[in-house]
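K.L.:
Predicted model and sequence follow; I will ask about them next.
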Amino acid sequence: MSKKLVIYLMAEPETPDLARAAVDGGADIIELGFPFSDPLADGPVIRRAGERALARGMRTAQCLDVLARTRELVGDDIPLIPMTYASLFEAYGWDRLTEAMHANGGTSMIVVDVPAGERADLRRVQLIAPTSTDERIALAGEQTDGWLYLVTVTGTTGARDDVSPELAGLVERARRLVNRPLYAGFGISTPDHARAAGSLADGIAVGSRAVLVAENGPAALRDYVASLRAALD
Amino acid sequence: MRDFGDYGGRYVPETLIPALDELDRAWQEALADNAFHAELHHLATTYVGRPSPLTLSERFAPGKKIYLKREDLNHTGAHKINNAVGQAVLAQRLGKRRIVAETGAGQHGVATATVCARFGLECVVYMGVEDMRRQKPNVERMRLLGAEVRGVDFGTQTLKEATSEAIRDWITNVETTHYLIGSCVGPAPYPELVAELQSVIGRESREQFLAAADALPEAVVACVGGGSNAIGMFRGFVDDVAVRLVGVEAAGAASLGSGRTGVLHGARSSILADDDGQVADAHSISAGLDYPGVGPEHAFLRDTGRAEYRTATDEEALQAFADLARTEGIIPALEPAHALARARDLDADLILVALSGRGDKDLAEVLDRLNTA
């Protein structure tokens, strides 16, 4: 089975077209960032993209609208995963925002600052990290919605020179403890990274570099995603 | 304790959860270990300068008896050292030799740099560049003490962003690093841990007040930014139900007075945020109160009605700052000047105020404001 390619984009007015381009380039899944003012898990690129989106008025209602328009453009078969922080849920209402995301075409969700074990009733894609204990990996695997997100580095989002040496050990432990697809993200930005991470995990997620390339428009993003796709296949 | 009613919790990325578990275990072990308490007591008496005195002020608010708990007389000039010393000892029990911290007014940064120098620990302090401008002497102190001060030049450029950057550093270096958080905020167990380390303020105050006034105070007043000096003070009196607990926030940073339930820096609490949960900018002349969040225990005390929370404006704080200097010969920090401003018009006569720090760091800012007024 071919490896899955997950592309993260920040929700902005142009994002539906960008998501379509990413799918045309070979993305299997789109993560759609709903910006938050204090994104603890994010490095400078996604933090700045969030600041820019907020300055352009991208609040929860606007993000839901982008989600719905993205769903129209990518069709029904591409999972679209809203990715954000707890504060947005707290303000909008946990159930209400969950329902609104689904109603607008969302497929599950990722809430970066709600780790496994917290809010167990909230169905979402769980994340594990190199620091996670075996107990926590098993818990996240039990609670996750679909696949499990492997944070490859002990650190925040953002491009790195090489794929983290911590990934192999994390995949090995997760394989032993969890019977779910494992997609690796954080610090993966080049076709070489994609190939290396893809040889270990069942898929890869690319965020910061995709956000940067997306600033150059849909065609540039499609070509970039295609280069990752080619490296994975 | 992990939660305070519906407040508190651990709203942080997975990467940090094992470190929080490890910290919690070490903290519980330390609490049960007489050697830990003996070490803290030794450091408090031989290094920090505890117990800090209680001073009766009669000229500042004629007709009232206002007792000042003199945390300004601690080593490094504020209550922050109580927490910094305790966490530095804890960090060594954890085997962590690198410390990161955030600072607003610079008092916590100085306290952290101080204990790191004392114990030979590597120290990195994150500080908003706006605060570095406002609190320049403290930046110089930290560097003199051997700390690396990293300016944070995005967002509000104040304590909020400095805290986020310190947490990002911790996420990246968690294996080697202890995050020495400066207030009773953040993910569990930090709010409880910091409150316990600061509760020495309330314990000493209660004993000293009874000895001096032969009664308990009608009201205990403390300023609240993140709220660590207030929670430390309140813990000494929370079971004395006749004693009013009064927290004073900066009017432009009233996370409890004007806030809403939200999640910031790892905890669910009352925060300044818009209808979408985006954190709002706080505004205060006092860098230490210029923070849009507050410790979860304060939100809980507010909701249960055990504590009441009020505000003071920049102007009221400046007036109290100047008046305490003229009437008592004590230059307070701008943060407790907020508590003094509300204490003097409170409908109570026998009052205890937490004078959480001294005002040397604020002189340039205050003189600038007073001269242009």
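P.N.:
Yep, it's here.
K.L.:
Strands along the stretch 1-150 of chain B, start to end?
P.N.:
Counting by DSSP state E, counting those that start in this stretch, residue ranges of the strands within the stretch 1-150 of chain B are B:3-4, B:7-8, B:54-57, B:65-70, B:98-103, B:122-128, B:148-152.
K.L.:
elements contacting the longest one?
P.N.:
For strand B:122-128, the contact count by 3 or more CB pairs under 8 Å, 6 or more residues apart in numbering or on different chains; DSSP states H and E identifies strand B:98-103, helix B:107-119, strand B:148-152, helix B:159-173 as packing neighbours. All C-beta atoms are positioned from the backbone trio N, CA, C, and that covers glycine.
K.L.:
Pretty sure B:Thr177 sits against B:Ile167.
P.N.:
No. Using CB atoms under 8 Å, B:Thr177 is not in contact with B:Ile167, being 11.1 Å away.
K.L.:
The helices and strands packed on strand B:122-128: which one's closest to chain A?
P.N.:
With distances scored as CB to the nearest CB, the stretch of the helices and strands packed on strand B:122-128 nearest to chain A is helix B:159-173 (4.1 Å).
K.L.:
Centre-most residue in the chain?
P.N.:
No chain in the question, so chain A it is. Centroid-nearest residue in chain A, with CA atoms, centre = their mean: A:Glu31, separated by 4.4 Å.
K.L.:
that's the other chain; I wanted chain B
P.N.:
Residue closest to the average C-alpha location in chain B (CA atoms, centre = their mean): B:Ser228, at 3.7 Å.
K.L.:
What residues are bridge-paired with B:Val124?
P.N.:
B:Val100, B:Glu148 (DSSP bridges).
K.L.:
Report the contact partners of it.
P.N.:
The contact partners of B:Val124, by CB atoms under 8 Å, 6 or more residues apart in numbering or on different chains, come to B:98-101, B:147-148, B:150, B:169.
K.L.:
between those, which is nearest B:Ser270?
P.N.:
B:Ala101 (23.6 Å; CB to CB).
K.L.:
on that earlier part again, tell me which of B:Thr177 and B:Ile167 has more neighbours.
P.N.:
Applying other CB atoms under 10 Å in any protein chain shown to B:Thr177 and B:Ile167 shows that B:Ile167 carries more neighbours, namely 26 against 22.
K.L.:
So for that one, what's the pLDDT?
P.N.:
pLDDT, B:Ile167: 95.
K.L.:
how near is it to B:Met142?
P.N.:
19 Å (CB to CB, to the nearest Å).
K.L.:
Also B:Ala188?
P.N.:
Applying CB to CB to B:Ala188 and B:Met142 gives a distance of 28 Å.
K.L.:
Give me the more crowded residue out of the two.
P.N.:
B:Met142 (28 against 22).
K.L.:
hang on, the more buried one packs against B:Ala113?
P.N.:
Yes. If you go by CB under 8 Å, B:Met142 and B:Ala113 touch, sitting 4.4 Å apart.
K.L.:
The top strand by length along chain A and chain B in contact?
P.N.:
When chain A is parsed with DSSP state E, its longest strand is strand A:4-10. No. Strand A:4-10 is not in contact with chain B by CB under 8 Å from any CB of the partner chain; minimum separation 14.4 Å.
K.L.:
if you average pLDDT over that strand, what comes out?
P.N.:
98.
K.L.:
Which strands and helices lie in contact with that strand?
P.N.:
Right, strand A:4-10 is packed against helix A:15-25, strand A:29-33, helix A:44-55, strand A:182-185, strand A:203-206, helix A:208-214, helix A:218-232 by 3+ CB pairs under 8 Å, 6+ apart.
K.L.:
Direction included, what does it pair up with?
P.N.:
Checking strand A:4-10 against DSSP bridges gives partners strand A:29-33 (parallel), strand A:203-206 (parallel).
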